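S.K.: My questions are about this predicted structure, shown below with the sequence.
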Amino acid sequence: GIIKVNDLKILEYIVAKCSLGAAILELRDDNWGETFAHAAVQYGRLEFLEYIVSNAPSGARVLEFIDKDKSNAAHHAWYWCQLDALVYIINTAPSGISLLYTKNKYNATPLTPHSAPCGCENKIVKFFTDATIRTVGLKREFSNLERVAEEFASDSLVKLMMCVMMEDIRVTLWREKTSP
C-alpha cells in the first residue's frame, strides 16, 4: 500500500516511529514472503529502493532477499518489466550481474523471455545484450577498483597496478562505445 501510493514520507515516518526501526524494511509479508524492496520494484519506485538500501540494516543485500518463489528483487523487476529498477539492482546489489543468472523456483532468471502482465514482453531481455552486460560489469569493476585503490598509498605498487587496471577498463569502455 505505502509504495503503491508513492509517498516515501509515509515509509520514512513508519521507520522513525516503529519500535523495529529500519529493521522493518527487511520484514517479509506473510503471504508471499516479499520485502519492501520487492514491492518497490513492482511499482518501479527507484526512490524507495534507494531509501531501503540506504537504511536497511543489511544495506544493498536486501535486494538479494528471496520470497517464497525464491525470487529476489531482480526477478520482480524482470517480471514487472521495471528496466530502470533492474539496472539499479545489478549495479547496487553485492552479487551484481550474477543476479541476472539466478534462477527462481520456476527455473526462470531475469533474462528468461516471458509473457509479462504489463504487456512489455521481453523488453528486459532485448536490453541486456551481451555487450550491455559486459559494459555494466566493466563499470562495476571500475568502481570497485577505484574504491579499493583509495586505501593504498599513492606510491605503492598495488595502487599502481589498480590504476593500470582502471585505465584498461576505461580504454575498453571507450572502444566499445566508439566502435560501430
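M.R.: The structure has been received and is ready for your questions. Computed from a predicted structure; not experimentally measured.

S.K.: hey, C-alpha coordinates of stretch 9-21 in CSV?
M.R.: Provided in CSV are the C-alpha atoms of stretch 9-21 (Å, rounded to 0.1, in the frame of the first residue of the first chain):
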residue,chain,number,x,y,z
LYS,A,9,7.4,10.3,3.6
ILE,A,10,5.0,7.7,4.9
LEU,A,11,7.6,5.0,4.8
GLU,A,12,10.1,7.3,6.5
TYR,A,13,7.6,8.1,9.2
ILE,A,14,6.9,4.4,9.8
VAL,A,15,10.6,3.6,10.1
ALA,A,16,11.1,6.5,12.5
LYS,A,17,8.1,5.6,14.7
CYS,A,18,8.3,1.8,14.6
SER,A,19,9.9,0.0,17.5
LEU,A,20,11.8,-2.1,15.0
GLY,A,21,13.3,1.0,13.3
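
S.K.: Could you give the separation of it from the chain centroid?
M.R.: 23 Å (C-alpha atoms, centre = their mean, to the nearest Å).

S.K.: Same question for it: list its buried residues.
M.R.: Within stretch 9-21, the residues scored as buried using 16 or more other C-beta atoms under 10 Å are 11, 15. To be clear about C-beta, it is placed using only N, CA and C from the backbone, and glycine gets the same treatment.

S.K.: Now that stretch: average pLDDT?
M.R.: Mean pLDDT, stretch 9-21: 88.

S.K.: Then stretch 108-120?
M.R.: pLDDT averaged over stretch 108-120 gives 78.

S.K.: Please apply the same query to stretch 164-172.
M.R.: On average, stretch 164-172 scores 89.

S.K.: how about whichever strand or helix holds residue 48: buried residues?
M.R.: Using DSSP states H and E, residue 48 falls within helix 46-55. Burial within helix 46-55, assessed by neighbour count using 16+ other C-beta under 10 Å, is assigned to 48, 49, 51, 52, 53, 55.
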